[in-house]
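Quick check, what structure comes out for this input:
(one chain, ligands or ions: 1)
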Amino acid sequence: MNIFPFQAALAASPLPAPLSAPLPAPLLRAQDVSIDYASGAGSVRATHQVSFDVYEGDRFVLLGPSGCGKSTLLKAVGGFVQPTSGGLLLRGRRIVKPGPDRIVVFQEFDQLPPWKTVRQNVMFPLLAGGVKKKEAQARALHWLDKVGLARFADAYPHTLSGGMKARVAIARALAMQPDILLMDEPFAALDALTRRRMQEELQALWEEVGFTMLFVTHSIEEALVVGNRILLLSPHPGRVRAEIDSHRFGLASSGSEAFQAAAQRIHRLLFGDAQPAAPDRESAAGEPAAVAVQA
Ligand SMILES: Nc1ncnc2c1ncn2[C@@H]1O[C@H](COP(=O)(O)OP(=O)(O)OP(=O)(O)O)[C@@H](O)[C@H]1O
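Numbering: from 1, shown residues only. As a prediction, this is how the structure comes out:
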């Protein structure tokens, strides 16, 4: 595995960019984000001084064991939770509350109101946001078509499979044209085959549309398949262990030796004694805080 300096530009290119190439401004920046929850008389620290940058078009994955604060970070980007210290910036502006520029897709697809048809479900947040009915209708049909559900526009959610509900949730989110799509283990409740198909469809949709997403998972394989960059978080409270460039992996490579080796390397970084081979920045305490590695 090669070690190279932290460069998001590399994610989009198989060749390292010249070190002097200027980086674009990040779409989303997390700066030393620590988040505490009030708990009884004290507090619980969910994440500790987590920093990362997400660039336009990234499929950025937060990966770590249960309880490391992945969902908390996603909620903070969504504006539902405020950092105790540090900050989150979207296009250079501090995130202080939820907004239509950040839409979350959860794994609980029963978030689709059952009394509304598929089309009405997709239209609902658009109408609530002030979009005119005709345009909301057109946008809903456009995105339902993109996820292969145009034929089911007038169906009710309870008549759909889990995978189809997942697609409706994705269509509904993308119809809002957010700056960044926030996905919290969106396929975790699906059976293995459907999950795999959804990963494939998400990849195809990303290739076609080119949106930016922040994706939370605790599955190493899913992270490698879905992401072009993966932030590894330590067990509770979550700190940055390393950042992995995973753009060369996808479903097509999931059985390959390189994929398996990358998965094992990530596993060791997350759970074993393996230390990132060479830190490229240091924490204030002088400990390795994060490295960029190529999986
Ligand atoms: N509302 C809350 N009040 C108090 N503590 C909370 C709250 N939400 C989360 N926590 C705590 O914060 C820590 C991080 O939780 P979080 O759900 O973000 O982790 P996670 O990495 O997403 O876990 P999982 O993969 O199991 O969903 C955990 O210790 C959890 O118990």
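
residue boundaries of the strands in this protein?
28-39, 42-54, 59-63, 85-90, 93-94, 102-105, 180-184, 213-217, 229-233, 240-245, 281-282, 288-290, 292-294 (DSSP state E).

so which of those gets nearest residue 159?
For the strands of the chain, the distance to residue 159 is smallest for strand 102-105, at 20.4 Å, taking CB to CB. Bear in mind the C-beta positions are built from the backbone N, C-alpha and C, glycine included.

Remind me what that closest one packs against, helices and strands.
helix 70-78, helix 162-175, strand 180-184 (3 or more CB pairs under 8 Å, 6 or more residues apart in numbering; DSSP states H and E).

which residues sit against it?
74, 77-79, 90, 95, 125, 166, 169-170, 173, 176, 178-184, 186 (CB atoms under 8 Å, 6 or more residues apart in numbering).

Ranked by average pLDDT, which of the helices and strands packed on strand 102-105 falls at the bottom?
Mean pLDDT per stretch puts helix 162-175 lowest among the helices and strands packed on strand 102-105, at a mean of 93.

That one - contacts with which helices or strands?
If contacts are counted by 3+ CB pairs under 8 Å, 6+ apart, helix 162-175 sits against strand 102-105, helix 118-128, helix 133-146, strand 180-184, helix 192-209.

how big is the angle separating it from helix 118-128?
30 degrees (axes from the mean of the first three to the mean of the last three CA atoms, to 10 degrees).

And the contacts of helix 162-175?
103-106, 109-112, 118, 121-122, 124-126, 139-140, 142-144, 146-149, 152, 157, 160, 181, 186-187, 189-191, 194, 197-198, 201-202, 205, 209, 211.

Using PDB, write out the CA atom coordinates for it.
The C-alpha trace of helix 162-175 is given here as PDB (Å, rounded to 0.1, in the frame of the first residue of the first chain):
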ATOM      1  CA  GLY A 162     -37.800  -2.900   0.900                       C
ATOM      2  CA  GLY A 163     -35.600  -2.100  -2.100                       C
ATOM      3  CA  MET A 164     -38.300  -0.100  -3.800                       C
ATOM      4  CA  LYS A 165     -39.000   1.900  -0.700                       C
ATOM      5  CA  ALA A 166     -35.300   2.600  -0.500                       C
ATOM      6  CA  ARG A 167     -35.400   3.900  -4.100                       C
ATOM      7  CA  VAL A 168     -38.400   6.100  -3.300                       C
ATOM      8  CA  ALA A 169     -36.500   7.600  -0.400                       C
ATOM      9  CA  ILE A 170     -33.500   8.300  -2.600                       C
ATOM     10  CA  ALA A 171     -35.700   9.800  -5.300                       C
ATOM     11  CA  ARG A 172     -37.400  12.000  -2.800                       C
ATOM     12  CA  ALA A 173     -34.000  13.200  -1.400                       C
ATOM     13  CA  LEU A 174     -32.500  13.900  -4.900                       C
ATOM     14  CA  ALA A 175     -35.700  15.700  -6.100                       C
END
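
how distant is that helix from the center of its chain?
The chain centroid and the centroid of helix 162-175 are separated by 15 Å under CA atoms, centre = their mean, to the nearest Å.

give me the number of residues near residue 28?
23 (other CB atoms under 10 Å).

if I pick it, what's in contact with it?
Counting by CB under 8 Å, 6+ apart, residue 28 has contacts 53-54, 77, 88-90, 180, 212, 214.

Show me which residues of the chain sit near the ligand.
By the rule CB under 6 Å from any ligand atom, the part of the chain lying against the ligand is 37, 39, 44, 46, 64, 66-72, 218, 236.

picking up where we left off before, for residue 251, which of the helices and strands packed on strand 102-105 is the nearest?
Checking those against residue 251 by CB to CB gives helix 162-175 as the closest, at 15.2 Å.

tilt between that closest one and strand 180-184?
Going by the same axes, to 10 degrees, helix 162-175 makes 150 degrees with strand 180-184.

Show me what counts as buried in helix 162-175.
Going by neighbour count (16 or more other CB atoms under 10 Å), the buried part of helix 162-175 is 162-175.

Kindly report the same for stretch 238-256.
Buried, per 16+ other CB under 10 Å, within stretch 238-256: 238-247, 249-251, 254.
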